[in-house]
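Q: A structural model of the following input is requested.
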Amino acid sequence: MSRYPVVGLPTLAIPPGPKPPRYGINQSYVRALVAAGCAPVLIALMDDQERLRAIYERLDGIVFPGGADIAPSEYHEQPIDNLNVIEPDRDRTELLLARWAFDDDLPVLGICRGQQLLNVALGGSLYQDLRHQGVTQVEHSDADGRARTALLHRVRLDPDSRLAQLIDETSIDVNSLHHQAVKSVAPELRVTGKSDDGVIEAIESPERRFLIAVQCHPEEIDDLPWARRLFQGFAKAAQPAS
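A: Residues are numbered from 1 along each chain as shown. Sure, this is the predicted structure:
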């Protein structure tokens, strides 16, 4: 009998307030993975590499979710005008997991920050703020207060990419909740999708079983057929051998 693929979801640290500090993740990631047939496992942030490795070795796949900015020091830059809200503990945990997963050819899906994280982990860099750095005039973040499910712009995909073939689309409408994006692409990765203003919206590794990342948030719009096919394709790649 085949079992559900066990998929790791790194968490974020929720600072103390009325309640003590906690670890958590948006439920939309869990919902989308469960719908695709996965068994999601939340991964706490930790400095103990031996314990982290013990968790990692039980995974069939890993999803790197959205969240705060990656520290510019991780891609050898200084922060610009204090724009960055960073989580050093999360950076350390996720960068380590990303490099392990790449080296071991573990199926990986990156979402928003997750796309940026994978690019940085493998030697690429980021735009720290798209509009501040004059990359685009489009408001890719949700600073205007729009809903997380609102479709903002189109992404054109390389027809030969694994992503396009997986979701059977070469042009998709997406939501957009980011102010950063990939700048220089890591040597091990290739660009497979861009928005009309030139922002990199999808990357993947042609050398790995499944390493696909998108800049949008498909977990928030998983009622769309292409988003469902993305999660289902990841689940299939992570399915353990019977």
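Q: now the helices for the protein?
A: Assigned by DSSP state H, the helices in the chain fall at 27-35, 49-56, 88-104, 113-121, 162-167, 225-238.
Q: Please point out which parts of the longest one sit buried.
A: Within helix 88-104, the residues that qualify as buried are 90-98, 100-102, counting by 16 or more other Cβ atoms under 10 Å. Placement of C-beta: from N, CA and C, glycine included.
Q: Spatially nearest residue to residue 211 (excluding sequence neighbours)?
A: Closest residue in space to residue 211, ignoring its immediate chain neighbours: residue 205 at 3.9 Å, by Cβ to Cβ, 6 or more residues apart in numbering.
Q: Need the pLDDT of the one you found.
A: Looking at residue 205, its pLDDT is 98.
Q: cool, and residue 143?
A: Confidence at residue 143, expressed as pLDDT, is 80.
Q: ok, now which ones touch residue 164?
A: 157-158, 170, 192-193 (Cβ atoms under 8 Å, 6 or more residues apart in numbering).
Q: Out of the residues you listed, which is nearest to residue 12?
A: Set against residue 12, the nearest of these by Cβ to Cβ is residue 193 (25.6 Å).
Q: can you pull up the bridge partners for the closest residue to the closest one other than its chain neighbours?
A: Among residues not flanking residue 193 along the chain, residue 202 sits closest, at 3.1 Å (Cβ to Cβ, 6+ apart). Residues in a beta bridge with residue 202, per DSSP bridges, are residue 193, residue 214.
Q: What separation do you get for residue 202 and residue 12?
A: Separation of residue 202 from residue 12 (Cβ to Cβ, to the nearest Å): 23 Å.
Q: quick one, which of these two is more surrounded?
A: residue 202 (28 against 19; other Cβ atoms under 10 Å).
Q: OK, contacts around that one?
A: Counting by Cβ under 8 Å, 6+ apart, residue 202 touches 115, 155, 157, 161, 163, 191-194, 212-215.
Q: how about 7 Å then?
A: 155, 157, 163, 192-193, 213-215 (Cβ atoms under 7 Å, 6 or more residues apart in numbering).
Q: Which pLDDT value belongs to it?
A: So, for residue 202, pLDDT stands at 98.
Q: where does the chain have low pLDDT?
A: Applying pLDDT under 70 to the chain flags the ranges 1-2, 242.
Q: show me where it has strands.
A: 6-10, 12-14, 22-24, 39-43, 61-64, 108-111, 126-127, 153-157, 171-174, 181-182, 190-195, 200-204, 211-214 (DSSP state E).
Q: what's the fifth one in contact with?
A: When you say that, I think you mean strand 61-64. 5, 7-10, 29, 33, 94, 97-98, 101, 106-111, 114, 117-118, 234, 237-238.
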